[in-house]
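Asks: sequence first, predicted coordinates after that:
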Amino acid sequence: MTHARADFSRVAGAAGCRAGYLVGCAAILAISLAPHACAQSVISAHSGVIHYVEGDVSIDGTPVRPKFAEFPDVKAGQLVATAEGRAEILLTPGVFLRMAENSSVRMLSNSLADTRLEIVSGSALVEVGQLLEHNAISFEAAGAHVELAKKGLFRIDASSASLRVFEGQARVTSGSQNLTARKGHQIHLDSAKLVDTKFETKDTDAFYRWSSRRAEYVAAANVISARVTSNSSYASGFTSNPGAWSWNPYFGMFTFLPASGVYWSPFGAPFYSPSMAWAAYAPRRGTLVAGPGYGVPMGVGRSPASISRGAGSSPGGTLGGGRMRANGGGSPTGGASLPGPRVSGGRGRGR
């Protein structure tokens, strides 16, 4: 089995810490003593990197056995399945696929220009933070074809044969039928007739809340990575970059770096570009106009640390963000504690 680290180009930089966000003195000391340590900016060569797992997850029946800083690839034709587990898979830069328990997803094509997957069973949430002009992401489910047309948050359920749009827009095709699904709309993927109904976007479940917490942890790693890149020689060329996955050794995970501005996740977590890293360190009242579609409301004293909802337990799984300790959320490898709910430890799932 190959690993994603081999498929990334890396650029070394420096790490910093954000007041009021990462509070571990050990991490602050390590960062201050190693201004050119091993934080890296990377660009994925393909979709399908298993970034994080909890519990029982397999690829074509072979259990995923996590190792620190090694991330299995999902090749075209392979089936990722969860039993009593959950998984987070990185697709094109800025696009996260999260799988619920007892779910399976087949990778049909892992090309960045044409990423296609089939939701075979169970449920999947897709968070889309960026759609590049020459990239395409689509899903097959219950005989229908779902193409993600705009940034947002989408849930596809194979068991109930449905697509729900929490944010964004998707195009659904089944035979000769075509529908455009927008926020608050659910498409019933019936091969005989596509049916469009409304649903309440605030009606969530444990899987949704777990996905929200995963977004928060990945966003926490973004703060350091954005600061690192803004202080490095790589920053001068990043604005022409379409956005990238960035390896953060202090958290033991990848995070997303937008090319410009601030990407505000549908879950409420901010992802800063290198040019906007300063905003994470000096939040203020008003709106930061940071580029098309990236205006970010910042209240008095508001910081990304305040996004933690505190419901249930934080992830205790492995791979991306796997080195997290109990009591006070997670603890990245560098020793800093993330704000957030307590964990029960081990490989237990959030609720």
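Replies: Received the coordinates, thanks.
Asks: which residues in the protein form helices?
Replies: Under the criterion DSSP state H, helices of the chain are mapped to 25-33, 206-230, 235-238, 277-281.
Asks: would you confirm that E84 contacts G55?
Replies: Yes. Using Cβ atoms under 8 Å, E84 makes contact with G55 at a distance of 4.8 Å. Quick note: C-beta positions are derived from backbone N, CA and C, even for glycine.
Asks: ok, the closest residue in space to G48 that isn't next to it in sequence - contacts?
Replies: Nearest non-adjacent residue to G48, counting by Cβ to Cβ, 6 or more residues apart in numbering: V74, 3.7 Å away. Contacts for V74 were tallied using Cβ atoms under 8 Å, 6 or more residues apart in numbering; they are G48, V49, I50, I59, V80, I89, M107, N110.
Asks: what about F154, distance to V172?
Replies: Look at F154 and V172: by Cβ to Cβ, to the nearest Å, they are 11 Å apart.
Asks: between the two, which contacts overlap?
Replies: V146, L163.
Asks: these two: which is more packed in?
Replies: F154 (25 against 22; other Cβ atoms under 10 Å).
Asks: I'd like the distance between the more buried one and F68.
Replies: In terms of Cβ to Cβ, F154 sits 31 Å off from F68.
Asks: where does the chain have low pLDDT?
Replies: The model of the chain has pLDDT under 70 over residues 1-44, 191, 232-241, 282-351.
Asks: same thing but at 50, please
Replies: Low-confidence regions of the chain, defined here as pLDDT under 50, cover residues 1-41, 43, 235-237, 239, 286-316, 322-351.
Asks: can you name the residues bridging to A87?
Replies: Judged by DSSP bridges, the bridge partners of A87 are V53, M99.
Asks: neighbours around it, how many?
Replies: Residues near A87, counting by other Cβ under 10 Å, number 29.
Asks: quick check: closest non-adjacent residue to S109.
Replies: Closest to S109 by Cβ to Cβ, 6+ apart is R116, at 4.4 Å.
Asks: ugh, wrong one, I meant A219
Replies: Looking at A219 with Cβ to Cβ, 6+ apart, the closest residue is A269, at 3.6 Å.
Asks: separation between the one you found and A221?
Replies: 11 Å.
Asks: which of the two has more residues huddled nearby?
Replies: Using other Cβ under 10 Å as the criterion, A269 and A221 rank with A221 on top: 27 against 23.
Asks: my read: that one touches L257, true?
Replies: No. With contact defined as Cβ under 8 Å, A221 does not count as touching L257 (10.2 Å).
Asks: overlap of the contact sets of the two?
Replies: Common contacts of A221 and L257 (Cβ under 8 Å, 6+ apart): S246.
Asks: partners of the nearest residue to N222 once chain neighbours are set aside in the sheet?
Replies: Counting by Cβ to Cβ, 6+ apart, T255 is the residue found nearest to N222 once chain neighbours are left out, at 4.3 Å. For T255, the beta-bridge partners are S246 (DSSP bridges).
Asks: who's in contact with T255?
Replies: V218, A219, A221, N222, S225, W245, S246, N248, F271.
Asks: give me that answer again for 7 Å
Replies: Neighbouring residues of T255 by Cβ atoms under 7 Å, 6 or more residues apart in numbering: V218, A221, N222, S225, S246, N248.
Asks: pretty sure the last one is touching V223, no?
Replies: No. Under the criterion of Cβ atoms under 7 Å, N248 is not in contact with V223, lying 9.4 Å apart.
Asks: the residue nearest to A219 touches R213, doesn't it?
Replies: No. Contact criterion Cβ under 7 Å: A269 and R213 do not qualify, at 9.5 Å.
Asks: next, find the distance separating A76 from G261.
Replies: Applying Cβ to Cβ to A76 and G261 gives a distance of 33 Å.
Asks: what does Q186 give?
Replies: 30 Å.
Asks: who has more neighbours, these two?
Replies: For the pair Q186 and G261, the greater number of neighbours falls to G261 (21 against 18), based on other Cβ under 10 Å.
Asks: hmm, that one is touching F271, no?
Replies: No. Assessed by Cβ under 7 Å, G261 is found out of contact with F271, at 9.6 Å.
Asks: what number of residues lie near L97?
Replies: Residues lying near L97 (other Cβ under 10 Å) number 29.
Asks: what's the distance between it and N110?
Replies: 12 Å.
Asks: and what of N231?
Replies: N231 is 33 Å from N110, where distance means Cβ to Cβ.
Asks: then N102?
Replies: Distance of N102 to N110, computed by Cβ to Cβ: 24 Å.
Asks: so the two - more neighbours on which side?
Replies: The residue with more neighbours, out of N102 and N110, is N110; 23 against 15, by other Cβ under 10 Å.
Asks: surely the more buried one meets A45?
Replies: No. Using Cβ under 7 Å, N110 makes no contact with A45, being 9.5 Å away.
Asks: name the nearest residue to S265, ignoring sequence neighbours.
Replies: Spatial nearest neighbour of S265, chain neighbours left out: A215 (4.9 Å); criterion: Cβ to Cβ, 6+ apart.
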